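Engineer: Next comes the sequence, and after it the predicted model I'd like to discuss.
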Amino acid sequence: MSDTPKKRTVSSSKLWQRLMRKEASRTWRRSKQALHQFTAIGQLKEEIALLSHYSADTVYRLRYGTMSYEYISPSIKRLLGYSPEEMKHIQMRDLISETRLVQEDMQSIECYAGLEAERKAGEVLQWQADYRMVRKDGQEIWVSDISFPWFDENGKIIGSIGTLRDVTARVQAEKRLQALSHKEAGVDELTGMVQAQRFDEKIEYELRRIKRHGGEMSLLLLDVDELKQINERYGREFGDYVLQSIARLVRGCMRESDLAARLSGDGLGLILPNTSVEGGYWLAERIRTSIAQHCFIRGMEGKDIGCTVSIGLAGVSADDKVTKDSLLTLAQNRLYAAMHSGKNQVSLTETVPVMQ
């Protein structure tokens, strides 16, 4: 009989039980870790939801393909009066009546549709603008929009992630300061153009210059066609917006040496030093065309509203014996002829065609 000790053998059932206990222990540890992770994630979600709800800023994620919000925080209800669910079915442009781009020195623009197209095409990166918006209750407020591009896995811009904030108080303070500055400088608050007194003084100065040194000058008087009807149909505020937009278009056609003024509710005037009648007519046509081709966007209804101007043109050279009053009268008569000859035209004559 051998003295060699026998090897202990473990039955397959006991081995299986041992393996199962180890696996159960590992599973328990993993489950415990996952539970902690889920708990942490849940707490984080609760904290984010709490911050989103009570934050002064509204956080959003906007997809450019449809220009719809995939996410917008609950604070949008306090800002605009609409719930996050309602905002998913609302186009932002329908609530905007004016846009001021921060990167363009807070200049108001009217072509929000064009900017929207650039965003859809992925051509806009960081976005910072102020919008004049209409709340659900009809109240108008100013909202600041600061956003950054949202990229897909291939690096393509598919939307933006940003914040919205009520900045009505700030914009109103800016406008009060601007109005005070314009008043001191003799500038019309609405259009940013000089007032009638400075316009008259400039005409007198140019006439003296021409008399002493020779040269020439052109004078344009503009009247916004149907502005009264626009005010009556869409409201005075939209009419002011149209006049502001026309003033910007006019300035975009001018030279630095030219002077523009607001002379009446819907009347503008331009003094063009060292400009012949032919040169004045070319500039007048450029202004008339740019306004006639422009679309004035009315945010609430999403309508593109057209508008035109009538222009009277008068010129003076060193050989002419004119005064300020006679020059203004000549330009006014030609403006009258343009207004009563079909509008949307530049007139060099005082004759009104007789209707057959």
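Structural biologist: That came in fine, so what should we check first? Owing to the predicted nature of the structure, the values given are computational and were not obtained by experimental measurement. Numbering: from 1, shown residues only.
Engineer: switch to C-alpha atoms for all contacts and neighbour counts from now on
Structural biologist: OK.
Engineer: can I see the domain layout of the protein?
Structural biologist: 55-172, 186-347 (the TED database).
Engineer: and the last one, how far from the chain's centre?
Structural biologist: When distances are taken as C-alpha atoms, centre = their mean, to the nearest Å, domain 186-347 is centred 24 Å away from the chain's centroid.
Engineer: switch to numbering from 35
Structural biologist: In the new numbering, first residue 35, that becomes domain 220-381.
Engineer: Start and end of it, how far apart?
Structural biologist: 29 Å (C-alpha to C-alpha, to the nearest Å).
Engineer: Output the lowest mean pLDDT helix or strand found in this protein.
Structural biologist: Here the helix or strand of the chain ranked lowest by mean pLDDT, DSSP states H and E is strand 141-143, holding a mean of 46.
Engineer: re the thing from before, and the domains of the chain, which one's lowest on average pLDDT?
Structural biologist: Mean pLDDT across these is lowest at domain 89-206; the value there is a mean of 80.
Engineer: Would you map the helices across the stretch 135-284 of the chain?
Structural biologist: Using DSSP state H, counting those that start in this stretch, the helices found in the stretch 135-284 of the chain span residues 146-154, 202-219, 230-247, 261-268, 270-287.
Engineer: between those, which gets nearest to Leu304?
Structural biologist: helix 230-247 (8.3 Å; C-alpha to C-alpha).
Engineer: Just want the most central residue of the chain.
Structural biologist: Thr133 (2.1 Å; C-alpha atoms, centre = their mean).
Engineer: Look up the closest residue to that residue, ignoring the ones flanking it.
Structural biologist: Residue nearest to Thr133 in three dimensions, not counting chain neighbours: Tyr165, with 4.6 Å by C-alpha to C-alpha, 6 or more residues apart in numbering.
Engineer: Which residues are in contact with that neighbour?
Structural biologist: Contact analysis of Tyr165 by C-alpha atoms under 8 Å, 6 or more residues apart in numbering lists 130-134, 176-179.
Engineer: With respect to Arg246, which of those is nearest?
Structural biologist: Arg134 (44.9 Å).
Engineer: Report the beta-bridge partner residues of the residue nearest to Thr133.
Structural biologist: Note on Tyr165: beta-bridge partners by DSSP bridges are Thr133, Val177.
Engineer: measure it to Val380 for me?
Structural biologist: 35 Å.
Engineer: One more: Glu208?
Structural biologist: 37 Å.
Engineer: out of those two, which sits in the busier spot?
Structural biologist: Val380 (25 against 12; other C-alpha atoms under 10 Å).
Engineer: Please list all residues in contact with that one.
Structural biologist: 315, 318-319, 322, 344-347, 369, 372.
Engineer: Which ones among the residues you listed lie within strands?
Structural biologist: Judged by DSSP state E, the contacts of Val380 include 344-347 as members of strands.
Engineer: hang on, isn't the residue nearest to the centre of the chain packed against Asp164?
Structural biologist: Yes: the pair Thr133 / Asp164 is scored as a contact, 5.8 Å apart, by C-alpha atoms under 8 Å.
Engineer: how about the nearest residue to Asn265, chain neighbours excluded?
Structural biologist: Here the residue nearest Asn265, using C-alpha to C-alpha, 6+ apart, is Gly273, at 5.0 Å.
Engineer: Please name the residues that touch the one you found.
Structural biologist: So Gly273 contacts 261, 264-265 (C-alpha under 8 Å, 6+ apart).
Engineer: Tyr116 now?
Structural biologist: 110, 169-170.
Engineer: swap the cut-off to 6 Å and go again
Structural biologist: Tyr116 is in contact with no residue at all, counting by C-alpha atoms under 6 Å, 6 or more residues apart in numbering.
Engineer: Which helix or strand contains it?
Structural biologist: Using DSSP states H and E, Tyr116 sits within no helix or strand.
Engineer: Let's test this: what are the backbone torsions at it?
Structural biologist: phi -100, psi 150 (degrees, to the nearest 10).
Engineer: Tell me how far it lies from Arg322.
Structural biologist: 41 Å.
Engineer: now swap in Ile280 and tell me
Structural biologist: Taken as C-alpha to C-alpha, the span from Ile280 to Arg322 is 10 Å.
Engineer: My guess is Ile305 contacts Leu253. True?
Structural biologist: Yes: in this structure, Ile305 is within contact of Leu253 by C-alpha atoms under 6 Å, at 4.9 Å.
Engineer: picking that back up, give me the distance between the residue nearest to Asn265 and Met121.
Structural biologist: 28 Å.
Engineer: same deal with Ile130?
Structural biologist: For Ile130, the distance to Met121 - C-alpha to C-alpha - is 14 Å.
Engineer: which one of those two has more residues nearby?
Structural biologist: Ranked by neighbour count (other C-alpha under 10 Å), Ile130 and Met121 place Ile130 first, with 26 against 19.
Engineer: Let me know the pLDDT of Ser65.
Structural biologist: The model's pLDDT for Ser65 equals 57.
Engineer: Over to Lys79?
Structural biologist: pLDDT at Lys79 comes out at 53.
Engineer: got the contact list for Val311?
Structural biologist: 252, 349.
Engineer: Next, give phi and psi for it.
Structural biologist: phi -60, psi -40.
Engineer: For it, give its distance to Leu96.
Structural biologist: From Val311 to Leu96 the distance is 52 Å (C-alpha to C-alpha).
Engineer: Which positions in the helix or strand hosting Leu362 come out as buried?
Structural biologist: Element membership for Leu362, per DSSP H and E: helix 358-373. Using 16 or more other C-alpha atoms under 10 Å as the test for burial, helix 358-373 gives 361-362, 364-373.
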